[in-house]
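Undergrad: 3D, please:
(chains A, B and C)
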Amino acid sequence: MSSNNDMTLNLKIWRQPNGAAEGKLVDYRAEHVSPDMSFLEMIDVLNDQLVKKGEDPIAFDHDCREGICGMCSMMINGKAHGGYKNTTTCQVHMRLYKDGDTIIIEPFRAKAFPLVKDLVVDRKGIDKVMMAGGFITANTGNAQDGNAILIPKPVADEAMDAAACIGCGACVASCPNGSGMLFMGAKISQLALLPQGQPESPRRSLNMVHTHDVNGFGNCTNHAECEATCPKGISIEHIARMNREYLKAAFTYYEKSRSEGGA
Amino acid sequence: MMAAAVNHYFGSSIGRKQMVAVTGLLLCGFLVGHLAGNFLLLVGSDAFNLYAHKLFSLGPLLYVIEAGLLGIFLLHLGLAIKLNIENIKARGGAKRYVVKKNTGRGSTFMSDTMPWTGLILLVFVILHLKNLKFGTYYTTIVDGVEMRDIYKTTMENFQDLSTVVLYVIAMSAAALHTAHGFASSFQSMGWNHGKYFKNVKRIGYLYAVAVGGGFSTLAIYCFLKGV
Amino acid sequence: MTINLDSKVPAGPIEGKWDKHKFEMKVINPSNKRKYTVIVVGTGLAGGSAAASLAELGYNVLSFCIQDSPRRAHSIAAQGGINGAKNYPNDGDSVKRLFYDTIKGGDYRSREANVYRLAQVSNNIIDQMVSQGVPFAREYGGYLDNRSFGGSQVSRTFYARGQTGQQLLLGAYSGMMKMVSKGKITMFNRREMMDLVIVNGKARGIIVKNLITGELERYAADAVILATGGYGNVFFLSTNAKHSNASASWRCYKKGAAFANPCFTQIHPTCIPVHGDYQSKLTLMSESLRNDGRVWVSKKKNDNRKPEEIPEEERDYYLERIYPSFGNLAPRDVSSRQAKFRCDDGHGVGPTKQAVYLDFRDAIQRDGREVIAGKYGNLFEMYERIVGDNPYKTPMMIYPAVHYTMGGLWVDYNLQSTIPGLHVLGEANFSDHGANRLGASALMQGLADGYFVIPYTIGNYLASTPLEKVTVEDNAFKDAEQAVRLQTDKILKVKGKRTADEFHKALGHFMWDYVGMSRNEPGLKKAIDGIRKLREEFWTDINVPGDTTNMNLELHKAQRVADFLELGELMALDALERKESCGGHFREEYQTEDNEAKRDDEQYAHAAVWEFTGTNSSPIRHKEELVYENLKLATRSYK
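TA: Got it, this is the predicted structure:
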């Protein structure tokens, strides 16, 4: 329904052809913006106009557009995903803005997230941290019956709170230190809470933290800005649990080197 | 990678911030002792000087304690500076965003200004030592014993209004620094539990007000009392 | 070329087929597995679990995904849950019952042996995912919790809040990450498959586009696994992710892989209604909402009153009225169609009149707001963010939307397509859901294929097939790359006036209006003509700025739309040729007196399998007859 509530907005959007090139904010005018539009739909409409003019449309990451894939990643007016509670960029709707507003849109920035193009950044660092231990080594076919492992509801719920992370990187983008402790803490905490995660828990926290540190993520200084912008509302309690796990592991865990040969 | 990870505790992000936390909490403890001692200023010159004399007469032990305190302070300072430099790099340099705003639900004025309040405290500590510990050396006799009249040094120091103002500013910085630092240290050590953490934060704020307010009050008291 | 539609279903009683087959298949010894390389395209539940499992076995896996990380595949968006025949609630579930429900739910248009195997391994999936740390919902005693889904009278759905797909995908992804770190999976992010490379009649590699640099890349392997999902985005508006597309499947089809039942699409009954031309996608509200929500419209036509102003006796709770035994939990195809009938009759609600109410008033009165918030809080929040209404106070408005495609590349019992070496898993194949998929079964199928079927069958293929040495410098690779390059240049040269989205939306209108929830002969013919014309216009009027030397998002889009424009026609053709109604395929000419689907088992108890014969010639329709040895073909009733 197009209605007479339509708005005109002044957009300032970061344009940068690639990581090596210089970038700058470019002014655009978005007209006939319906309050029912999503933020990304507003940019779709703008891009359609750019394509028609033969210009390069604004590159931005997006996929599911229902707040779960973690692909969308914009700093809207200086806040990751716009800074609304429990909301990803794709779930921001234009009814949150007023006619005539100026909106500044920049990419997620951190040393660990090198820029690819315009608003698109490379978040491979998140996968690298996960590779270092964000899993339970349970090869296919090893599993016992699901009910053989009893997990009290509050523990399962707490683990689920942590597991809700969508890996979008808003925590890193909003952290004044470009730290990745929230997404890493969420994974370490989830697996530390669950009995299935116990066997390799110390190894996991040591390896993940080390990998986090060498991949350009910063140090946590407990601002909790990550918690505030996390679209899944993940608490920094999970960072604390990670800190605890890490401390314990660093002082108690080691592996002797042994020969595993045999007849 | 395994062995490296273990050895890296003291070089890792979490290991180092835990050391900042531990040293920070120890310094918080020192401030409480320092403040308690300072309240003897209210009792009178003899009480204060006797207390100081007792500390001085610890002899070599005092040097050990002072060296330890200095070590804790330098470790806290050094690690914090190093972490901050790394963080500036990690955020992608100084010109990270054209516009960056806090959500208002996370970062606070206190957390944002930690490096600055920390630096103010560093400058303050240097001046504080120069003016008092290494300040004018008067002597007095209490109960027939000759001792340093640190009471006089202290009172003189606070006769200048600008000194008092600077002192109050420094103590406000201390309050801001500990208001974030206290609870933050608990978080760093992993002592954040849903059941208790709100109270840890409250205690942190209370501590900040008590320490900042306590020291400032004493400085103003000295100024008003006169020599 | 003749295609071979031997389903390779093993002989013997259905309960023992899979065990027998597992024993009879060849195995490769562990030290030889590392000599084989397998390409897996797609990292959703099917592709992710396959890549991880094959790497664990020792194969070298090359994994490709379109997003910046394998963790973002669209399986992540599944909300409600995953079925397993555990019978934990003691309500009479069994492998056989899950098998029966799935066959019946699919309106007797799926292959018995495949579905039975799916039901058999469903329990292993639950166990496997628990062991990987998926935080399924638990009871206070620590045991796993279950809920109910449409089309079933037992509680067999395991769930992790409203994010089951996400949790399962992260489980599969974590398994993949483990194998990436061990060097057994090489991960290629932001790559899109552009073509399949066939050498000596066998699938031996792929051509992919690097979505960042725009360059074409060639990869060779001993077998190719396609797990690229469904083609629901042919409708433009669907619940699929924006990058979900049919190109990988479609290009395999054009290389000789037969396409089965393209017209079988699922329209999900509970989605947020369309609200404007600019709309880019539709959002699903989990089917689990129908456990407590009541679906209704006003008995009066063109009723403009607010829902609160419509008294109880003037409300038509039509699902409860028509299907008293299943009520609001009638299967998806049935519920969707009934919503459409209500709106077509003028009972639609909301500003567009293309919606029905899903009301929680009674549930809130019965259980209290707390309980309802505990179950559906995140969904209610999501609804409020998108629509701006508070579902605790006023009923939700919902309308059906394209959600899943049961059709896909034809595969045999081993999940191999008609091209030797090309295996197809998950939504991309046609195998298990017949003409309609039951809720919470897609996750089950994707993981069954990837964890428990392909690891066995691919070994059998590799062990029993002579595989010549192939490199990416072979002519087959060069030719395939050249063909992609030519098509790309052709699109870039047009420099017309319309954008890829405009063509896509125009295609979507044809598909939704004529190949959507209900279909008829004149409509389908109109769609075929219209799509053909639109396709011609596309090649003379598409406008893609830029070139192939960088991240050209508009080019990626246009290339996908070019394939959708061909696939859309095949879907309409398939719908036209299937002169019966079954499951999600509802032909208005073939219905019972009370508007239910009327199957024709005499003529159409088969899978329609289409063979590509050239861009300008009609495809050939083959049949795979569906033989029901264990279940009797019966009229599907949920009354």
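
Undergrad: Contact partners for the spatially closest residue to C:Leu565 that is not a sequence neighbour?
TA: In space, and not counting its chain neighbours, C:Leu565 is closest to C:Arg535: 4.4 Å by C-beta to C-beta, 6 or more residues apart in numbering or on different chains. Every C-beta, even on glycine, is put in place using the N, C-alpha and C of the backbone. Applying C-beta atoms under 8 Å, 6 or more residues apart in numbering or on different chains, we find C:Arg535 in contact with C:565-566, C:569.

Undergrad: Secondary structure element for C:Arg535, which one?
TA: Using DSSP states H and E, C:Arg535 sits in helix C:521-541.

Undergrad: Let's test this: mean pLDDT of that helix, rounded?
TA: In this model, helix C:521-541 carries a mean pLDDT of 98.

Undergrad: List the buried residues for the helix or strand that it is followed by?
TA: For helix C:521-541, the following helix or strand on the C-terminal side (DSSP H and E) is helix C:553-577. Under the neighbour-count criterion of 16 or more other C-beta atoms under 10 Å in any protein chain shown, helix C:553-577 has C:553-576 buried.

Undergrad: what does stretch A:153-165 give?
TA: Within stretch A:153-165, the residues that count as buried by 16+ other C-beta under 10 Å are A:155-156, A:158-165.

Undergrad: can you redo those residues as JSON lines with pLDDT and distance to C:Arg294?
TA: Compiled in JSON lines, the buried residues of stretch A:153-165 are given as follows (pLDDT from 0 to 100; distance: C-beta to C-beta, whole Å):
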{"residue": "A:Val155", "pLDDT": "97", "distance to C:Arg294": "34"}
{"residue": "A:Ala156", "pLDDT": "97", "distance to C:Arg294": "30"}
{"residue": "A:Glu158", "pLDDT": "97", "distance to C:Arg294": "33"}
{"residue": "A:Ala159", "pLDDT": "98", "distance to C:Arg294": "33"}
{"residue": "A:Met160", "pLDDT": "97", "distance to C:Arg294": "28"}
{"residue": "A:Asp161", "pLDDT": "97", "distance to C:Arg294": "31"}
{"residue": "A:Ala162", "pLDDT": "98", "distance to C:Arg294": "35"}
{"residue": "A:Ala163", "pLDDT": "98", "distance to C:Arg294": "32"}
{"residue": "A:Ala164", "pLDDT": "97", "distance to C:Arg294": "29"}
{"residue": "A:Cys165", "pLDDT": "98", "distance to C:Arg294": "35"}
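
Undergrad: which stretches of the stretch 1-150 of chain A form strands?
TA: Counting by DSSP state E, counting those that start in this stretch, the stretch 1-150 of chain A has strands at residues A:7-15, A:24-33, A:74-76, A:79-80, A:102-107, A:115-117, A:120-121.

Undergrad: Turn the ones you listed into CSV, including distance to chain C, mean neighbour count and mean pLDDT.
TA: Putting these into CSV (distance: least, C-beta to the nearest C-beta, whole Å; neighbours: other C-beta atoms under 10 Å in any protein chain shown; pLDDT from 0 to 100) gives the following:
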stretch, distance to chain C, mean neighbour count, mean pLDDT
strand A:7-15, 13, 18, 97
strand A:24-33, 9, 14, 96
strand A:74-76, 15, 26, 98
strand A:79-80, 16, 26, 97
strand A:102-107, 13, 20, 98
strand A:115-117, 5, 22, 97
strand A:120-121, 7, 24, 98
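
Undergrad: returning to what we had before: close to chain C as well: tell me which of the buried residues of stretch A:153-165 qualify.
TA: Near chain C, judged by C-beta under 8 Å from any C-beta of the partner chain, the entries from those are A:155-156, A:159-160, A:163-164.

Undergrad: Good, we can wrap up now.
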